[in-house]
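J.: Structure, please.
(one chain, ligands or ions: 1)
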Amino acid sequence: MILKNFINGQALDNGTGKTFDVINPATGELAYQVEEADESIRFAAIESSQLGFEIWSSMSGLERNRILLKAVSILRERNDELAKIEVIDTGKPFQEASVVDVVTGADSIEYFAALAVSIEGSQQDLGGDFYYTRREPLGICAGIGAWNYPLQIACWKAAPALASGNSMIFKPSEETPHGAVKLAEIFIEAGVPVGVFNVVHGAAEVGAWLTGHSDIAKVSFTGEVGTGKKVMAAAASNLKDVTMELGGKSPLIIFNDADLDDAVSAAMLANFYTQGEICTNGTRVFVQNEIYPKFIELLKQRTEKNIIAGDPMNPVTNFGALISENHKNLVLGYIEKGNQEGAFLLSGGKELSPEGVEAGFFVAPTIFTNCTDDMTIVKEEIFGPVMSVLTFDDEAEVIKRANDTEFGLAAGVFTQDIRRAHRVVHQMEAGICWINAYGASPSEMPVGGYKLSGIGRENGSSTINQYTQIKSVYVGMKPLESPF
Ligand code: NDP
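T.: Predicted coordinates for the structure are as follows:
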């Protein structure tokens, strides 16, 4: 198969015929090829998005709501077909993709479709004269996605952008471009006008073109901190609005009074779900001293017994392959560093070759104990299945250590003490906090980072404000006074 750029309601041939490969991470084999967005595609994308914006932004919120809800129904009808596409692109288990990726993408579009009807301005009397405000869309927005939740990220960016009346040019990661094209096709089928959601393919250079383009009003980016800084610098060229969803190294704090089974479940979810390739992962697991021996005993036992690595399409598999050979080597490099720097390897720490998918990019779920705050594995985002367990004595100490990072995406606290739970999360320098839970991200809840983990939020009603701008209109009702 050759996947093409999706412009103005259809797959569009590029002029150069230049393609790149997408590899199935579970098999190491070529999955399909993708046509790169060359000059002709880029020109067509901008032109089409401008026309799409004119039509879409002149429709009422209710009309946009009806069309977007149709797209939600189609996404849900095709759940399993779309989930399989995500499995081939990412290597994650079908068991996960079939209940999370498409579902949470559809939820976000449904949520913002509902908000589309309530976008409104205000009016104030000024003693005869008055003013009113209009909340207007920004224009053409660019969405740039990471490879871990490709379809979900495309939905999370398209949902508020389109609900607010913008058009969007979306660039998926070159490693996982299929889902975004499927979403574009579904939008057309649902009745979204052509040009409202276009998809361009390519690597950093195509992303850089989008972020520097003067006709683009906003960039919503998901990816690494380093790339985010480049995107923001390029966006500054014409003062584009930006939303930045970046990396993390989040703390998960487990107090002595925590429910032990729940705390172990959270640590496993926060490190091994999606093979550890989740931005909000709680990779620094702080365990209070008294509970520590029991905690690591249960953690090791459940990790070694319950995690099933294998062919991601097999419904019993709950642990898939990493995105690429490069990424696998990067993760193995961090494991090597952990060993060298004196952490104790409690479990995993090696490559895996599950039966039937021996050539896939699998790394075992890995647990390091005896970690210290200055170790590389404790400081840097690994984005793989590597958990660092640390111990602590008291609350004040753990708060200080948990915040001692340049990231600020998420944090989790496990305790039965309701006051302590809130007291601790109120002091976390993190945009997303969970109490006796980890990882849940419903559409109603804003998500985003403090510090280097990001700017702006996705999901939640406030996101509409980031895809609209206020126009104030002053209306003079009396003869105009003038000194001239
Ligand atoms: P990258 O930063 O490498 O890439 C993200 C996207 O940006 C890709 O589409 C990439 O293209 C593109 N890109 C690369 N260079 C540029 C550039 N100069 N200008 C514009 N676009 C560019 O991130 P990954 O794909 O490796 O994703 C993993 C990272 O994403 C982790 O740090 C993770 O924490 C973060 N993330 C954050 C989330 C959040 O919500 N906070 C959610 C999910 C992931 P290409 O890949 O095709 O080269």
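
J.: Now the helix or strand that contains Ala270: buried residues?
T.: Following DSSP states H and E, one finds Ala270 within helix 260-272. In terms of neighbour count (16 or more other Cβ atoms under 10 Å), helix 260-272 has its buried residues at 260, 263-272. All C-beta spots, glycine's among them, are computed from the backbone N, C-alpha and C.

J.: Now pLDDT too, for those, in CSV please.
T.: Shown next, in CSV, are the buried residues of helix 260-272 (pLDDT from 0 to 100):
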residue, pLDDT
Leu260, 98
Ala263, 98
Val264, 98
Ser265, 98
Ala266, 98
Ala267, 98
Met268, 98
Leu269, 98
Ala270, 98
Asn271, 98
Phe272, 98
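
J.: how close does Ala154 sit to Met1?
T.: 19 Å (Cβ to Cβ, to the nearest Å).

J.: out of these two, which sits in the busier spot?
T.: The residue with more neighbours, out of Ala154 and Met1, is Ala154; 28 against 8, by other Cβ atoms under 10 Å.

J.: Give the helix, strand or coil label for the residue nearest to the more buried one when sequence neighbours are not counted.
T.: What sits nearest to Ala154 in space, not counting adjacent residues and going by Cβ to Cβ, 6 or more residues apart in numbering, is Ala180, at 4.4 Å. Of the three states, Ala180 takes helix under DSSP: H, G, I helix; E, B strand; the rest coil.

J.: residue contacts, Ala180?
T.: Ala180 is in contact with 6, 145, 150-151, 154, 170, 172, 199, counting by Cβ atoms under 8 Å, 6 or more residues apart in numbering.

J.: Next to the ligand, which bits of the stretch 1-150 of the chain? Give me the list.
T.: 144-148 (Cβ under 6 Å from any ligand atom).

J.: wait, I meant the stretch 351-484 of the chain
T.: So far as Cβ under 6 Å from any ligand atom goes, the stretch 351-484 of the chain lies against the ligand at 381, 383, 409, 449, 454.

J.: For Met59, state which of the residues you listed is nearest.
T.: Gly454 (30.9 Å; Cβ to Cβ).

J.: Enumerate every residue touching that closest one.
T.: Gly454 neighbours (Cβ under 8 Å, 6+ apart): 228, 243-246, 409, 431, 448.

J.: Go again with 7 Å.
T.: 244-246, 409, 431, 448 (Cβ atoms under 7 Å, 6 or more residues apart in numbering).

J.: cool, and Ser173?
T.: With contacts defined as Cβ under 7 Å, 6+ apart, Ser173 is in contact with 145-147, 150.

J.: repeat that for 10 Å
T.: For Ser173, the contacting residues are 22, 89-90, 144-148, 150, 153, 180, 201, 203, 207, 222-223, 323, by Cβ atoms under 10 Å, 6 or more residues apart in numbering.

J.: How much space separates the residue of the chain found nearest the ligand from Tyr474?
T.: The nearest approach of the chain to the ligand comes at Gly207, 2.2 Å away (Cβ to the nearest ligand atom). Note on Gly207: its distance to Tyr474, by Cβ to Cβ, is 40 Å.
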